[in-house]
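Undergrad: Fold the following and give me the result.
(chains A, B, C, D, E and F)
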Amino acid sequence: MTIIPSIKRDFLVKLAEDGKRADGRKFDEFRNIEIEVNVISKAEGSAKVKIGNTQVLAGIKMDIGEPYPDTPDSGVMITAAELIPLASPDFESGPPRENAIELARVVDRGIRESEVIEVDKLCVVPSEKVWLVFIDIHVLDYDGNLFDAASLAALAALLTTKVPAERFELGEDYPLPLKEPPISCTSVKYNGVVVMDPSLDEEAIAEVRLTIATDKNGDIRAMQKGLNGSFNLDEIKKIIKTSLDNGRKIQELLYKSAGK
Amino acid sequence: MTIIPSIKRDFLVKLAEDGKRADGRKFDEFRNIEIEVNVISKAEGSAKVKIGNTQVLAGIKMDIGEPYPDTPDSGVMITAAELIPLASPDFESGPPRENAIELARVVDRGIRESEVIEVDKLCVVPSEKVWLVFIDIHVLDYDGNLFDAASLAALAALLTTKVPAERFELGEDYPLPLKEPPISCTSVKYNGVVVMDPSLDEEAIAEVRLTIATDKNGDIRAMQKGLNGSFNLDEIKKIIKTSLDNGRKIQELLYKSAGK
Amino acid sequence: MTIIPSIKRDFLVKLAEDGKRADGRKFDEFRNIEIEVNVISKAEGSAKVKIGNTQVLAGIKMDIGEPYPDTPDSGVMITAAELIPLASPDFESGPPRENAIELARVVDRGIRESEVIEVDKLCVVPSEKVWLVFIDIHVLDYDGNLFDAASLAALAALLTTKVPAERFELGEDYPLPLKEPPISCTSVKYNGVVVMDPSLDEEAIAEVRLTIATDKNGDIRAMQKGLNGSFNLDEIKKIIKTSLDNGRKIQELLYKSAGK
Amino acid sequence: MNSDIKLFENGKRLDGRKNDELRKIKIEVGVLHRAEGSCYLEWGDNKVIVAVYGPREAIPRHTQNPLRAIVNAKYNMAAFSVGDRKRPGPDRRSREISKVISEALENVILVEKFPRASIDVNIEVLDAEAGTRCAGLTAAAVALADAGIPMKDIPVACAAGKIENQVVLDLGKEEDNYGSADLPIAISPRTGEILLLQMDGHLTVEEFDKALDLAIKGCYIVSDIQKKAILEKYQPNSEGK
Amino acid sequence: MNSDIKLFENGKRLDGRKNDELRKIKIEVGVLHRAEGSCYLEWGDNKVIVAVYGPREAIPRHTQNPLRAIVNAKYNMAAFSVGDRKRPGPDRRSREISKVISEALENVILVEKFPRASIDVNIEVLDAEAGTRCAGLTAAAVALADAGIPMKDIPVACAAGKIENQVVLDLGKEEDNYGSADLPIAISPRTGEILLLQMDGHLTVEEFDKALDLAIKGCYIVSDIQKKAILEKYQPNSEGK
Amino acid sequence: MNSDIKLFENGKRLDGRKNDELRKIKIEVGVLHRAEGSCYLEWGDNKVIVAVYGPREAIPRHTQNPLRAIVNAKYNMAAFSVGDRKRPGPDRRSREISKVISEALENVILVEKFPRASIDVNIEVLDAEAGTRCAGLTAAAVALADAGIPMKDIPVACAAGKIENQVVLDLGKEEDNYGSADLPIAISPRTGEILLLQMDGHLTVEEFDKALDLAIKGCYIVSDIQKKAILEKYQPNSEGK
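TA: Numbers count the residues shown, from 1 in each chain, chains lettered A, B, ... in the order given. From the prediction side, this is the model:
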């Protein structure tokens, strides 16, 4: 993580004490979000998501392969994230490291455990041939809050994915069967203040982080705490509320952007 | 290997000149050996072996897989050893290094070349499906003489292994078919003295090491010299004798502990 | 790459200004080439090539395997090069690095793109079983110009390769079906002078390198520029000419050495 | 999440537990000779062993922090600890768990006391039956105490979850496989602060509140077992040993 | 090289181009916030994005050259950029392309100005349709200019090739798959010097001369597009923006 | 160990050898230009080439021993040296053989003369037909002598084994595959000390003694061939060359 001179930390802390953030946002406010779909012609589905200056590209590729032995009638999803050195002076090339792994795991679980992809509809021949869904996350510009940008890009890409049945001589292409996706919102705490959608500078001084995925019904679908700080119960309950509020707005934007 | 201050070396050498070892043992005497079997419920067979403070856990897992092309009617055994950083301040995490590889190779050969596992009885469908036997060695506490502790743990685990035929719908579970196993005994030499079952400190000053596996009939089943020192013929013949003596006692203990 | 003291560079540059090279060769002249075939009994084909003191061994192994999905009726060739530490004080052990990869790629492309191996004649059962041709390049002594030595060794090994059909119970062994191979010639430029078949010292001060593969008809079959210098059009045209001249001679030697 | 599986029978859970009942927990302190601190823990059928080394100079040097110690927890599953043999070495799951446990432990260890050092916490899962990250963190905390590493508090972990629409404590294997939510947490029992928090599945906000309360209650029960085990080792006479 | 595939129809190429016609090229400068210089380039259906970082201290230290900067171009294909998903990470092909692009860029960058430094040029291929190494090098040159890295010239790349016995400019996907030769080059447009040169396939010496001439012509056309894109960013008013 | 395979015919071994007879051995010294010492050895159908570099500064630095040189033997099999192509690079078997050969060579090299140095012994197996570790060690010793590395003695290796209940010298391929024991050793011929000793299979104590004696006898025969080869290079006139 970037080392921020303490002068910058003091500046952000001071602002926070006056109820402000460096870019003028409210504590519970996201930066501007842009979602562009179908940006990659070779992919079965794709989307580019911007949250402020953070830019993430997600591409979906599909193939036919073998199911896992314990779920012979289900398709398989595989999520990979690369923190390519393009996106930040601090990212190195080489095999994925802890941060990239956590990113991929959080995006993966957000989709897998919420059963967004209806994998039971992706079986071709039980125990033999099922659809594989590869979700590849490519971070292009890292200016904070990768978890939400990456999750959102993955969802937008999935929403525009066509199962390439023709290419495999399995009939006509059709949209990937999906359930309502939960939306991930990330908050961090520094000096006792909790802010939503942290910028890069806010992340750098954050003591603790909480990512919450919520759905249209207002239910909680996933949570992941990060960093070595701690939360008390009140803070967690407040973050759930602001995550629900922001989640609803982002969900609308997602469906609109995907043309649904 | 641990660097022992020369003062410690001098102490051990001095003791040896008086015919003694630091823990009061005779030159050809093993430390106390404890064998506990069936310690892991998820494994098909398991055992924990203590030799003095050295502690090694071995677990056996079985699966169905393909045979090697040149032995289409035989099961397959695969041995792996991990010198996990739990066991010593000197073990590092990461891929197995020379010492772990030699350990796994010595344990593997001791079992494979002596044909302890009757692999010809582990064929399900010739050329297609055979039983795979995975022997995993987990070193828990490293206080010298891993070779013998690991070999003994592997044998004790094998002796309690049930072939999980039911889980693969291949009839009832049955004990893994085994032949009489040879017992491995390790000696080291320092300053002209040969001692059996070296402690960690003795290993640290050892110039040369010899591991000999012998069977119930008093035959030799495997040998492995290590380190850059040398032996003469007399030394080797004496070590064979003490290995045979200790091997017989350990074999009894092994069978008793495995309830056989 | 070796660091040559500037005094050595000055010496070579001075010689070049007088139209000379350190070993007395003309600018467009190869060192002595020796080709010895069938040097490895375990290989399906093999050859050792010496260009001056540079020595490269190529071995061909064949096996039955699956074709690539997009070429179900074609055999598969796989080229690997190892710059083993045997061959130079500067080569390290470990996974292949940029130079070994470029070497393997250049040799591979020279054979693959020129369709030297008639892969369409190496199908056994379409989409299921085809012949795999493994070309392994082993550099034994590195004294400059590996590209040409490795390419030539690979070609000589292929020319003596017998398809091991009997071993796979597919009828009698027969010669690997091949087309006329192109010959690779490498030149480098330093201080404005272009020399063919660079020695180790010449390579060390080279600014730019060009490898050209030409065939018996005088056509160009592959090119690869290397290093961070540049060529102008005239230089390239001259190098093509000298590559054609040398290529013809080497081709004759190749056929003679392979007994064809 | 197969609805054909019944996770309750006669109002009790499959293993006979009540909804707010933990599996059996057994903790032994100081079980290893070489380690500076160690702990063996059984939690239901989970078996975990932990060794602590350090504080010692962090290696490689570029990992050193000039202001404080780094806490380097490594969660590793033995190849034989699961139904199908696990390939040895870290995978994405184990690396993520190592990271969240390291972060939770860093919160309580007085890392400022040991600049440039590393405190290495090796967690080996020997038998895995749901809940290994809570078992691992709980055992790690005891091993740290055994090693004499100065801490603000002895952290402790426990999970709650949801099965067949009921919020229950400490999911067992079947409950984890066929239940609908799992919420592992770790807390600092002295302050109640939450050090680790993950959730997978589907909970209403009300269910989440209930599950979080229950998990915290579980943490306090486990904390008592931790403390008793440490006392037993360091005041063995009090137990008549 | 399947002879059944027709690569010309009514005297035009499959995509309607003439023999000496380039695919459509679009260049955007400065598209990334974090990078010191960046470029997004579309070349036919190829999509490439490049970020430049540096000059900065080369890491690890043993890669430093005490006399000059090292140029560290990394060509990487996104997993979703090709028909069948590509496994992430470098393969032999991408490592070779990284090497030849690094060498070509080193020729024009004033590396002597920055001893011990590295100049990192990250080239990501997002959509691949034949000719990605030329697209990548061309975009890298623009990103270097955007980063203010001092260069003798802005290098540029383009390929020519042979299909059905005709020498044509800038092969498309089908032409690359079923054509009989491909000749990608890069030049320094100011001097005409050749910085990158590779050839696969089969060309007579005459065809090679013709293809090389054609590729050089293509380079100059692309060079104009590069310069216009840079000007547009740095003199936006001249375009009425 | 298939009992249907006959390893003797008319009282002779399959390749016509007597029980105490070695395969044909050929040694060439100084066959490589770049290496400081080198040796090419054929032993039956085994072909091995060895290059020695050093003493030179050990890299990476953390491998240096301030009191003596490290001996870094690397045993590597060429992909084409065996029946089924071997995947390039070290495997567990080759790493173990590298270790035992390094240890045996360390015994005789005057390592105390070269603190912080490494002596690199690269052993390449080009054709493998049983007994490559003995062939490799024997060739390595000659290459070390050729490199002028100071040694107490020129070590030498040879194996004995048991086939069809007879103890024989220097197992061939079939004998190794279908025999019942293999005992490769290395000795220092001047002192008779045993530097390498491994045994796989099944031997009574008496058979072991006999096999060890036989292997030692073999070592002395090979030792003479080694010395003759070295002399031939350094006193070529004595052989009339």
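Undergrad: And for the residue of the stretch 51-200 of chain A found nearest chain D, the neighbour number?
TA: Taking Cβ to the nearest Cβ as the measure, the stretch 51-200 of chain A has A:Glu113 as its residue closest to chain D, at 4.3 Å. C-betas here are computed from N, CA, C, even on glycine. Applying other Cβ atoms under 10 Å in any protein chain shown, we find 20 other residues in the vicinity of A:Glu113.
Undergrad: residues in contact with it?
TA: With contacts defined as Cβ atoms under 8 Å, 6 or more residues apart in numbering or on different chains, the neighbours of A:Glu113 are A:221-222, D:200-201.
Undergrad: Compute the distance between it and F:Ser98, please.
TA: In this structure, A:Glu113 and F:Ser98 are 47 Å apart, going by Cβ to Cβ, to the nearest Å.
Undergrad: Could you do D:Arg95 as well?
TA: Relative to F:Ser98, D:Arg95 is positioned 31 Å away (criterion: Cβ to Cβ).
Undergrad: Between these two, which is the more surrounded one?
TA: Regarding D:Arg95 and F:Ser98, a neighbour count based on other Cβ under 10 Å identifies F:Ser98 as having more, with 23 against 17.
Undergrad: Which helix or strand contains D:Asp209?
TA: helix D:205-234 (DSSP states H and E).
Undergrad: packing partners for that helix?
TA: When contacts are defined as 3 or more Cβ pairs under 8 Å, 6 or more residues apart in numbering or on different chains; DSSP states H and E, helix D:205-234 sits against helix A:233-257, strand D:25-29, helix D:132-146, strand D:156-163, strand D:166-169, strand D:181-187.
Undergrad: Can you lay out these as JSON lines showing mean neighbour count?
TA: Formatted as JSON lines, the entries for those read as follows, by neighbours: other Cβ atoms under 10 Å in any protein chain shown:
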{"stretch": "helix A:233-257", "mean neighbour count": "17"}
{"stretch": "strand D:25-29", "mean neighbour count": "18"}
{"stretch": "helix D:132-146", "mean neighbour count": "27"}
{"stretch": "strand D:156-163", "mean neighbour count": "27"}
{"stretch": "strand D:166-169", "mean neighbour count": "21"}
{"stretch": "strand D:181-187", "mean neighbour count": "26"}
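Undergrad: Pipe these into TSV and attach distance to chain C and mean pLDDT per row.
TA: Formatted as TSV, the entries for the helices and strands packed on helix D:205-234 read as follows, by distance: least, Cβ to the nearest Cβ, whole Å; pLDDT from 0 to 100:
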stretch	distance to chain C	mean pLDDT
helix A:233-257	35	96
strand D:25-29	43	98
helix D:132-146	33	98
strand D:156-163	40	97
strand D:166-169	49	96
strand D:181-187	39	97
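Undergrad: how about the ones you listed, which one is nearest E:Glu124?
TA: Smallest distance to E:Glu124 across the helices and strands packed on helix D:205-234 (Cβ to Cβ): 22.9 Å, for helix A:233-257.
Undergrad: Which secondary structure elements does that closest one sit against?
TA: For helix A:233-257, the packing partners by 3+ Cβ pairs under 8 Å, 6+ apart come out as strand A:33-37, helix A:146-159, strand A:183-190, strand A:193-196, strand A:208-214, strand D:194-203, helix D:205-234.
Undergrad: B:Glu44 is nearest to which of the ones you listed?
TA: When those are compared for distance to B:Glu44 using Cβ to Cβ, the nearest one is strand D:194-203, at 30.1 Å.
Undergrad: List every C-alpha atom in that closest one, with coordinates, as PDB.
TA: Output in PDB follows, covering the C-alpha atoms of strand D:194-203 (Å, rounded to 0.1, in the frame of the first residue of the first chain):
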ATOM      1  CA  ILE D 194     -14.900  -7.200  16.300                       C
ATOM      2  CA  LEU D 195     -11.600  -8.200  14.800                       C
ATOM      3  CA  LEU D 196     -12.700 -10.600  12.100                       C
ATOM      4  CA  LEU D 197     -16.000 -10.700  10.300                       C
ATOM      5  CA  GLN D 198     -17.000 -12.600   7.300                       C
ATOM      6  CA  MET D 199     -20.400 -13.600   6.000                       C
ATOM      7  CA  ASP D 200     -21.600 -15.900   3.200                       C
ATOM      8  CA  GLY D 201     -25.100 -16.800   2.400                       C
ATOM      9  CA  HIS D 202     -28.400 -15.000   2.900                       C
ATOM     10  CA  LEU D 203     -29.600 -13.200   6.000                       C
END
